[in-house]
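> 3D model of this:
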Amino acid sequence: QVQLVESGGGLVQAGDSLRLSCAVSGLIFNSHSMGWFRQAPGKEREFVAAITWSTSYTVYAESVKGRFTISRDVAKNTVYLQMNSLQPEDTGVYYCAARRVSGVRSSATDYNNWGQGTQVTVSS
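Residues are numbered from 1 along each chain as shown. Alright, predicted model coming up:
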């Protein structure tokens, strides 16, 4: 079983940067993929970015492409989400997720394990 713990959220101003971390414990295999999702109040959870554990292949939502960067440190068992040029519409709870089967996916239903989330609030 995989356990995920997010950290790094906070309150920032528009244009600022934040780096989220997701500490991964439990059994991780090269076939795993990791994703970041976010959920704003009153909205559905939406895909942000994903990365394959073995090859570091990445996929991004159009809304964050060029501003956010997902990465992983195998030695530290940690996945990161570097968020630059933050905007108020980036506000939400950010969740880390793990998918046991190979291949990055953008649907939340394709992920098997979830963290508790970390709040990101961007003021204008």
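
> Report how many residues lie close to the nearest residue to Leu11 once chain neighbours are set aside.
Nearest-residue entry for Leu11: Thr121, 4.6 Å, with adjacent residues in sequence omitted and distances by Cβ to Cβ, 6 or more residues apart in numbering. All C-beta atoms are positioned from the backbone trio N, CA, C, and that covers glycine. Other residues lying near Thr121 total 14 when counted by other Cβ atoms under 10 Å.

> wait, Thr121 sits on Ala14?
No - in this structure, Thr121 is not within contact of Ala14 by Cβ atoms under 8 Å, at 11.0 Å.

> How about the secondary structure of the residue nearest to the spatial centre of the chain?
Most central residue of the chain, judged by C-alpha distance to the mean C-alpha position with Cα atoms, centre = their mean, is Trp36 at 2.1 Å. Under the three-state scheme (DSSP: H, G, I helix; E, B strand; the rest coil), Trp36 adopts strand.

> distance of it from Val74?
Here Trp36 is placed at a distance of 17 Å from Val74 (Cβ to Cβ, to the nearest Å).
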